[in-house]
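A.B. asks: have a look at this prediction, sequence included:
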Amino acid sequence: MSALTHAPSSWLRPLAFALVLGAGALAAPNALASEVKFAAEPFETKDDGSLTDAGRGAAISELASLPGEESWPLHIWAKLDKGAPGPLYVEFFDKLPGSGKRYMAWRYEHNGYEGEKYVSIEVELDGNTGFNKDHTYTVEVSQVNDKGRNIKLTEGKLKLTYTEPPEDEGDDDGEDEEVSEQDVLDSFAGGDEDGDGDEAPPEIAPPAKKKGCNVDPGVGAAPGVLVLLLLGGGLVRRRRR
């Protein structure tokens, strides 16, 4: 009797354990059927829209901003197991400081969805629309059913980080640029704004001749001297006589 009494319990426990494992195996594919991925560049996909190995490897959990800006170009890829024709909504949720209460920071409407299994969406997150650096957002892809109820299809998390601008930008502070020796020479040569400093200075024109008497020191001086010499020689000869 004791053997018969304990016999049922000996096989009921393994059976119950097997049923639990079987139920978990059946539920797991449904729970993991839909997924969403994020990237800074467009995903590499196959012809059917699914991700290639390179595309899946490009997925990120942190998105860097454009250098020096609070702007984040974002590429979203989603696998939707139960999507229906109609608009898709990509909703970004954050938490209020202090209270930790969840609120919707931004919502993007993706039109033209026909119920396909894979979908790629490109958006730009901006600080002017409620996004903040160093915040982690819960991203939900959802639809609204015929009864007006919001149906969440998949969700993921994404952190936004800030990229500092390059050091060589905006560091002039009005300082004068160093002037090279060639620039100095070109300035004395009369170079113009186009950098043409090889033009010679203009020639200086001789003074205009006045009308009337004109004494040429180079030509008229010689005959005058000769006349004076001849007159002096004549006077000397007369005195000797």
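C.D. replies: Thanks, I have the structure now. Residues are numbered from 1 along each chain as shown.
A.B. asks: distance check, Val36 against Val141.
C.D. replies: Using CB to CB, to the nearest Å, Val36 is found at 6 Å from Val141. Quick note: C-beta positions are derived from backbone N, CA and C, even for glycine.
A.B. asks: out of these two, which sits in the more crowded spot?
C.D. replies: Neighbours per residue, other CB atoms under 10 Å: of Val36 and Val141, the larger number sits with Val141, 25 against 22.
A.B. asks: what about the more buried one, is that helix, strand or coil?
C.D. replies: At Val141 the chain is in strand, as set by DSSP: H, G, I helix; E, B strand; the rest coil.
A.B. asks: packing partners for the longest strand belonging to the chain?
C.D. replies: For the chain, the strand with the greatest residue count under DSSP state E is strand 150-161. Taking 3 or more CB pairs under 8 Å, 6 or more residues apart in numbering; DSSP states H and E as contact, the helices and strands that strand 150-161 lies on are strand 35-39, strand 62-64, strand 71-79, strand 135-144.
A.B. asks: same list, those, but as CSV with mean pLDDT and distance to Leu125 please.
C.D. replies: Formatted as CSV, the helices and strands packed on strand 150-161 follow (pLDDT from 0 to 100; distance: least, CB to CB, whole Å):
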stretch, mean pLDDT, distance to Leu125
strand 35-39, 98, 11
strand 62-64, 98, 8
strand 71-79, 98, 4
strand 135-144, 97, 9
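A.B. asks: adding distance to Thr163, write those out as CSV.
C.D. replies: Formatted as CSV, the helices and strands packed on strand 150-161 follow (distance: least, CB to CB, whole Å):
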stretch, distance to Thr163
strand 35-39, 16
strand 62-64, 5
strand 71-79, 10
strand 135-144, 15
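A.B. asks: right, and those strands - which one's nearest Thr129?
C.D. replies: strand 71-79 (10.1 Å; CB to CB).
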